[in-house]
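Chemist: From the sequence below, what's the structure:
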Amino acid sequence: MSTSPALPPEIKAAPKETKAQRAERLKREKDPWTAFEEIREFARQGRESVLPEWASFYFKWWGIYTQGDGVGATGGIGGEGKATEYFMMRIGIPNGIVTSRQLRTIGELSRDHGRALADITTRQAIQLHWLTVESLPHAVEVLDSVGLSPRGACGDVVRNVTGCPLAGIDAHEVIDASPLARAVAREVNGNSEFYNLPRKFKITVTGCPDWCSYPEIDDIAITAVRRGSEIGYSVRVGGGLSTDPHLAVKLDAFVHEGQAVAVVRGIVEIFREQQGLRESRDRARLKHLFLREGWTAERFLNELKAKLPFDLEPGVEDILPNDVFRDHVGIQPQKQAGLYSIGATVLNGRMKGEQLIAIANLAEKYAAGEVRTTVMQNFVIPHVPKANIDTVLQELTLLGLTVEATNFWRGAVACTGTEFCKLAITETKGFARWLVQEMEGRLPGFDQQLQLHVTGCPNSCGQHWIADVGLEGKKIKQDGKLVDAWLFALGGALGQHAGLARTINYRCTSGEVPNALERLLRSYLSTRDDSQNLRAWFAGKSNEELRGILELGVA
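Modeler: Okay, here's the model as predicted:
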């Protein structure tokens, strides 16, 4: 019996391209921002004409994802679910500041092309769903006509630059940093010099004393700080969540206003140059220089200084924000006499296109024609004269929105989930809404701040690592079928008590979550000291004690 001879080494099959290698090859081959005409051609020829590399990769540079089929990752192959004929589009809003005209345009796109569905994201952007390939060029062009764009809202690029929604109007702010946030966005967001980063890159610029834009979890955080009578900025780098959560590292630098854009650009350039980060998509974020490659704050600062045409002065101590809600919800007097901001809560950020249009009209009729989104998936109407406050509140109520929400409602955050996301394991938006309603009925008047974050997979788009109670989506087999389940992470916090949530070795099905959460919170209410808030109570309990309470109500 003869055997086939071995293939000579020179004609053996090439090794299979890894996910990271494919991504790097595609980025070398094309800058998607220069190829918009290809999207137009797809629109002319229909969904079947969309090339695989566009569907799975290049579209992201234009803020576009293929929409999942509602099943999520478990219905696909290799950890990614099946795509449908529809698309999601994310629209960047630097510093979360949008005019009534711009918001109305987004609402009309949602109403006319996206089944009237829209989501405010945890980076102050707005997502549309159910878009067809034929509507994509139209959406981009209409947004461009009002000064907005989805360009750079996704992909291996600088994402939407966030900031304080009360910038320029908060009487307690250190400085109005929104002009700087917008200048940073103009410099690095949508700039083809930075279309080919190792992975996504997130920046926040804020003068808010509450650090409401969460600088602790951004790749770059520029936060206002006082040095005597002078105001400048501190710099943090390497924050991020996902499967390897890491709080940002402070650099020993005091940055003057006129230096900040160059500092940001230098840091992005450092990131762009890290070839080692391009070897794995799972280890490609800036934080991995600290987590895996041994970088220190001192080394990073030295690398940055080498890129700058000026010297950086030593940093000063920050005043860390207290353990408080950072969402700017409610009615707040502005620094401008006689004017107020009205912060409304939007459960999980889910809105209707008609609501966006109505809010735009409200802001135009009763305020200054401006609306601001927040990282807590809410919005603020600024510049409301005192005489118009009651009218605006009444109109918001008619729209199904509220300013005076319960702590369960106010603290709820949810990612996209399996409804649209191909990476998600569990459904999130509907579950989070149901959970909030359950807890409001079981524990009315619960008196503690409660960040209740729901994320549909380990990627932590729902930010469960920084929540008081974080729920990470899993699957459990029940009666022979896989059902949605949740892993509990407890005690996350930012500010003075910054720390990542502890994963408690407890998971349960969706239907059991309210019972477990009720046991946990009732135990807190019955055993806390008079001055002990929820975070401090969690800190005083071991993982085993907390698991026992979740399971049985006893430690």
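Chemist: how many other residues sit next to residue 61?
Modeler: By the measure other Cβ atoms under 10 Å, the count of residues near residue 61 is 27. (Each C-beta comes from the backbone N, C-alpha and C, glycine too.)
Chemist: buried sites along stretch 140-150?
Modeler: 140, 142, 143, 148, 149, 150 (16 or more other Cβ atoms under 10 Å).
Chemist: So for the second one, what's the pLDDT?
Modeler: Taken from the predicted model, the pLDDT recorded for residue 142 is 98.
Chemist: Could you pull up the residues touching residue 315?
Modeler: Neighbouring residues of residue 315 by Cβ atoms under 8 Å, 6 or more residues apart in numbering: 225, 234, 235, 250, 251, 252, 253, 254.
Chemist: should've said residue 95
Modeler: Residue 95 sits in contact with 124, 161-165, 167, 178, 181-182, 185, 205, 372, where contact means Cβ under 8 Å, 6+ apart.
Chemist: Let me have those residues in JSON lines, adding neighbour count as columns.
Modeler: Below are these laid out as JSON lines (neighbours: other Cβ atoms under 10 Å):
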{"residue": "124", "neighbour count": "28"}
{"residue": "161", "neighbour count": "32"}
{"residue": "162", "neighbour count": "31"}
{"residue": "163", "neighbour count": "31"}
{"residue": "164", "neighbour count": "34"}
{"residue": "165", "neighbour count": "29"}
{"residue": "167", "neighbour count": "27"}
{"residue": "178", "neighbour count": "24"}
{"residue": "181", "neighbour count": "27"}
{"residue": "182", "neighbour count": "18"}
{"residue": "185", "neighbour count": "25"}
{"residue": "205", "neighbour count": "32"}
{"residue": "372", "neighbour count": "27"}
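Chemist: could you check the distance from the nearest residue to residue 278 once chain neighbours are set aside over to residue 219?
Modeler: The shortest distance from residue 278 to any non-neighbouring residue, by Cβ to Cβ, 6 or more residues apart in numbering, is to residue 198 (4.9 Å). Applying Cβ to Cβ, to the nearest Å, the value for residue 198 to residue 219 is 11 Å.
Chemist: List the contacts of residue 376.
Modeler: Taking Cβ under 8 Å, 6+ apart, we find residue 376 in contact with 122, 326, 327, 329, 413.
Chemist: returning to what we had before: can I get the buried residues of stretch 140-150 in CSV with distance to residue 376 and secondary structure?
Modeler: Converted to CSV, these look like this (distance: Cβ to Cβ, whole Å; DSSP: H, G, I helix; E, B strand; the rest coil):
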residue, distance to residue 376, secondary structure
140, 28, helix
142, 28, helix
143, 24, helix
148, 21, coil
149, 24, strand
150, 22, coil
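Chemist: Residue 49: which of those residues is nearest?
Modeler: residue 140 (17.7 Å; Cβ to Cβ).
Chemist: sorry, back to before: ok, and the most crowded of the contacts of residue 315?
Modeler: residue 235 (28 neighbours).
Chemist: Bridged to that residue, which residues?
Modeler: Assessed by DSSP bridges, residue 235 has beta-bridge partners residue 222, residue 251.
Chemist: Could I get the pLDDT score of it?
Modeler: 98.
Chemist: And the average pLDDT for stretch 291-305 is what?
Modeler: Across stretch 291-305, pLDDT averages out at 97.
Chemist: of the contacts of residue 315, closest to residue 507?
Modeler: Using Cβ to Cβ, residue 250 comes nearest to residue 507 of the contacts of residue 315, at 34.9 Å.
Chemist: show me the contacts for the closest one.
Modeler: Contacts of residue 250 (Cβ under 8 Å, 6+ apart): 234, 235, 236, 297, 315, 318.
Chemist: same thing but 7 Å
Modeler: Going by Cβ atoms under 7 Å, 6 or more residues apart in numbering, residue 250 touches 234, 236, 297.
Chemist: mind checking which helix or strand of this structure has the lowest mean pLDDT?
Modeler: helix 534-539 (a mean of 92; mean pLDDT, DSSP states H and E).
Chemist: so how far is that one off the chain centroid?
Modeler: The chain centroid and the centroid of helix 534-539 are separated by 25 Å, computed with Cα atoms, centre = their mean, to the nearest Å.
Chemist: What residues sit buried inside it?
Modeler: 534, 535, 537, 538.
Chemist: re earlier: switch the contacts of residue 250 over to TSV; also include distance to residue 549.
Modeler: Shown next, in TSV, are the contacts of residue 250 (distance: Cβ to Cβ, whole Å):
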residue	distance to residue 549
234	39
236	35
297	38
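Chemist: which of these lies closest to residue 30?
Modeler: Residue 30 has its nearest neighbour among the contacts of residue 250 in residue 236, at 33.2 Å by Cβ to Cβ.
Chemist: Return the helix or strand that the least confident helix or strand of the chain is followed by as PDB; C-alpha atoms alone will do.
Modeler: Counting by DSSP states H and E, the next helix or strand C-terminal to helix 534-539 is helix 543-552. This file holds the C-alpha atoms of helix 543-552, laid out as PDB (Å, rounded to 0.1, in the frame of the first residue of the first chain):
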ATOM      1  CA  ASN A 543     -17.200  37.200  49.200                       C
ATOM      2  CA  GLU A 544     -18.500  34.100  51.100                       C
ATOM      3  CA  GLU A 545     -20.700  36.300  53.300                       C
ATOM      4  CA  LEU A 546     -22.200  38.100  50.400                       C
ATOM      5  CA  ARG A 547     -22.800  34.900  48.500                       C
ATOM      6  CA  GLY A 548     -24.600  33.500  51.500                       C
ATOM      7  CA  ILE A 549     -26.900  36.500  51.600                       C
ATOM      8  CA  LEU A 550     -27.600  36.300  47.900                       C
ATOM      9  CA  GLU A 551     -28.400  32.600  48.100                       C
ATOM     10  CA  LEU A 552     -30.300  32.400  51.400                       C
END
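Chemist: And the contacts of helix 543-552?
Modeler: Under Cβ under 7 Å, 6+ apart, the answer for helix 543-552 is 488, 490, 502, 504, 505, 506, 516, 519, 520, 523, 554, 555.
Chemist: And the pLDDT for the closest residue to the first one other than its chain neighbours?
Modeler: Ranked by Cβ to Cβ, 6+ apart and with sequence neighbours excluded, the top spatial neighbour of residue 488 is residue 504, at 4.7 Å. At residue 504 the predicted local distance difference test score is 93.
Chemist: Hmm, residue 504 is touching residue 490, no?
Modeler: Yes - with contact defined as Cβ atoms under 7 Å, residue 504 counts as touching residue 490 (5.6 Å).
Chemist: And the strands in the stretch 301-450 of the chain?
Modeler: Counting by DSSP state E, counting those that start in this stretch, one finds strands in the stretch 301-450 of the chain at the ranges 330-333, 339-344, 350-352, 370-373, 379-385, 412-414.
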